[in-house]
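Trainee: no FASTA, just this:
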């Protein structure tokens, strides 16, 4: 079974996109990240989260800039601490997005794909 890590259901969380198996919305995760929460702290304080779920939430935000643009720097990177390359090594390759999931500046290709989303 494939898990859809970010879900949208009008009957759950007032229709806000949320992380599978949690009561945390994508917006809440972005607010925590902007507030300085790194993935280790997120996982420690919210044991129901999974690292893949966090990464998918960040990817979802990057694909929906109209809704989450306030959480992005002018260079296209998410505000706040992302995963280190070591933490991201366990993720599928398509989730190792520089500046979005992995801390650092985004690649030009990642910025280009966001603009078309």
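Mentor: Now that the structure is in, tell me what you want to look at. Bear in mind that the values here come from a model prediction, so they are computed numbers and not experimental data.

Trainee: quick one: the strands in the protein?
Mentor: 6-7, 18-19 (DSSP state E).

Trainee: Could you name the helices and strands sitting against the last one?
Mentor: When you say that, I think you mean strand 18-19. Under the contact definition 3 or more C-beta pairs under 8 Å, 6 or more residues apart in numbering; DSSP states H and E, strand 18-19 sits against strand 6-7, helix 26-34, helix 51-63. Every residue, glycine included, has its C-beta placed from N, CA and C.

Trainee: JSON lines for these, including mean pLDDT and mean neighbour count?
Mentor: Compiled in JSON lines, the helices and strands packed on strand 18-19 are given as follows (pLDDT from 0 to 100; neighbours: other C-beta atoms under 10 Å):
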{"stretch": "strand 6-7", "mean pLDDT": "94", "mean neighbour count": "18"}
{"stretch": "helix 26-34", "mean pLDDT": "97", "mean neighbour count": "20"}
{"stretch": "helix 51-63", "mean pLDDT": "95", "mean neighbour count": "22"}
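
Trainee: right, and the strands of the chain - which one's nearest residue 95?
Mentor: strand 6-7 (12.1 Å; C-beta to C-beta).

Trainee: For the closest one, which outside residues touch it?
Mentor: 17, 18, 19, 20, 26, 53, 56, 57, 60 (C-beta atoms under 8 Å, 6 or more residues apart in numbering).

Trainee: rerun at 6 Å
Mentor: 17, 18, 20, 56, 57, 60 (C-beta atoms under 6 Å, 6 or more residues apart in numbering).

Trainee: what's the spacing between that strand and its chain's center?
Mentor: 11 Å (C-alpha atoms, centre = their mean, to the nearest Å).

Trainee: who does that strand pair up with?
Mentor: Here strand 6-7 has these sheet partners by DSSP bridges: strand 18-19 (antiparallel).

Trainee: show me where this protein has helices.
Mentor: Using DSSP state H, the helices of the chain run over residues 26-34, 39-45, 51-63, 65-68, 85-88, 108-116.
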